[in-house]
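Student: When you get a sec, could you give me coordinates for this:
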Amino acid sequence: MPPGLPKPPEIKFPSSPLDAVREIIHEGRETLEKFSSDIRSLADELHSGLPSTIFAPGGEKTDETELPDPFPDEDIPTEDDLPLEEENIKQDIATACVPCAIGHFSGAVKLLNEAFRFRDDGIESNQVLDDIAGAIGELNAMERVDLTPERLQRTPGWERAIADQALRESRKLRHRLEGIGSMEEIEKAAADTEAYYKKLNRQWYRGRFKNLGAKKAESIAERVGEDVS
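Tutor: Residues are numbered from 1 along each chain as shown. Next comes the predicted model:
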C-alpha cells in the first residue's frame, strides 16, 4: 500500500448468503418493533392530554360526558306500561257459547243433507258414512267444548235456557245418528236437525236483541235481516 493513504476498513463478508438474509430479517424486525413502540407511546401521550370526544349525529363535536341519554329512566317502558292484547285484559269467564253451538248445528245439517244427497249410493257408501261421522263430530265438539257444565253455570240467565236446550237436542241427535239404520232415517234426521237449527238461531238472536237495548238491536237486525218484533 502506498505511504500516506488510510488503511481501508476491513469488510466482513458473511460466511454464506443465507446468513446475510437472516441478518437483514433480524434488523428489519428490530426496526419495526421500535417503530410500533414509538407509535404506542405517542398515542398514549395524545390520549392523556386531550378530552374524550365523539361526534354527534349533526357532525358537531360533543363531550362524551354531556351526551344525552337516549333512554332516560322515566321513558323506559315497564311491563305495566306495555299494551296488552284484549284477550289478556279480559278475564275468561268461560260462558257457554250458544253462537258456537248454532254453528255446529249448521255444520251437522249440511253434512246430513249431503249424506241424503248420495242416497242412491246406499247407506254403506263411503260418502254417506263419512258425512254421518262428520255430523257426530260436530255434535261431540259442541257438547265437550262449548256447552260443558262449567260453562253452563256461568252463562247469563237469558242465555242459559237456550244453551240447556241446545245441549239436550245435541245429545238426542247424536244418539240418533249413532243408531242410524236406513236412508229414510237419515232423511228424517236431516229435516229435524235443520228445523231445530233455525229455531235455535232465531231464539238466540231475539234474546240477544232484547238484552242489547232497542237501538242497538235495530242496528244489528238491519245487518242480519232478522225480524226482532
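Student: Lowest mean pLDDT among the helices and strands of this structure, which one is it?
Tutor: helix 86-89 (a mean of 39; mean pLDDT, DSSP states H and E).
Student: Stretch 130-150: end-to-end distance?
Tutor: 31 Å (CA to CA, to the nearest Å).
Student: what does the average pLDDT come to for it?
Tutor: Averaged across stretch 130-150, the pLDDT comes to 94.
Student: circling back to that earlier point, packing partners for whichever helix or strand comes after the least confident helix or strand of the chain?
Tutor: For helix 86-89, the following helix or strand on the C-terminal side (DSSP states H and E) is helix 98-117. Contact partners of helix 98-117 among helices and strands, from 3 or more CB pairs under 8 Å, 6 or more residues apart in numbering; DSSP states H and E: helix 126-141, helix 157-178, helix 183-212. All C-beta atoms are positioned from the backbone trio N, CA, C, and that covers glycine.
Student: buried stuff in the longest one?
Tutor: What it means is helix 183-212. The neighbour-count check on helix 183-212 (16 or more other CB atoms under 10 Å) flags 183, 186, 189-190, 192-194, 196-197, 200-201, 203-209 as buried.
Student: That one to helix 126-141, inter-axis angle?
Tutor: 30 degrees (axes from the mean of the first three to the mean of the last three CA atoms, to 10 degrees).
Student: Offset the numbering so it begins at 443, please.
Tutor: All set: I'll call the first residue 443, so the last point we hit is now helix 625-654.
Student: Minimum distance to residue 541: which of the helices and strands packed on helix 540-559 has it?
Tutor: With respect to residue 541, and counting by CB to CB, the nearest of those is helix 625-654 at 6.9 Å.
Student: okay, the angle between the closest one and helix 599-620?
Tutor: Using the same axes, to 10 degrees: helix 625-654 against helix 599-620 is 170 degrees.
Student: Could you check the angle helix 625-654 makes with helix 540-559?
Tutor: For helix 625-654 against helix 540-559, the angle by the same axes, to 10 degrees is 160 degrees.
Student: Average pLDDT for helix 625-654, rounded please.
Tutor: The pLDDT scores in helix 625-654 average 93.
Student: Point out where this structure drops to low pLDDT.
Tutor: Applying pLDDT under 70 to the chain picks out residues 443-468, 470-471, 473-538, 655-671.
Student: show me what contacts residue 624?
Tutor: residue 565 (CB atoms under 8 Å, 6 or more residues apart in numbering).
Student: ok, and what's touching stretch 564-580?
Tutor: By CB under 8 Å, 6+ apart, the residues outside stretch 564-580 that reach it are 546-547, 549-550, 553-554, 556-557, 560-561, 563, 616, 619-620, 622-625, 628, 635.
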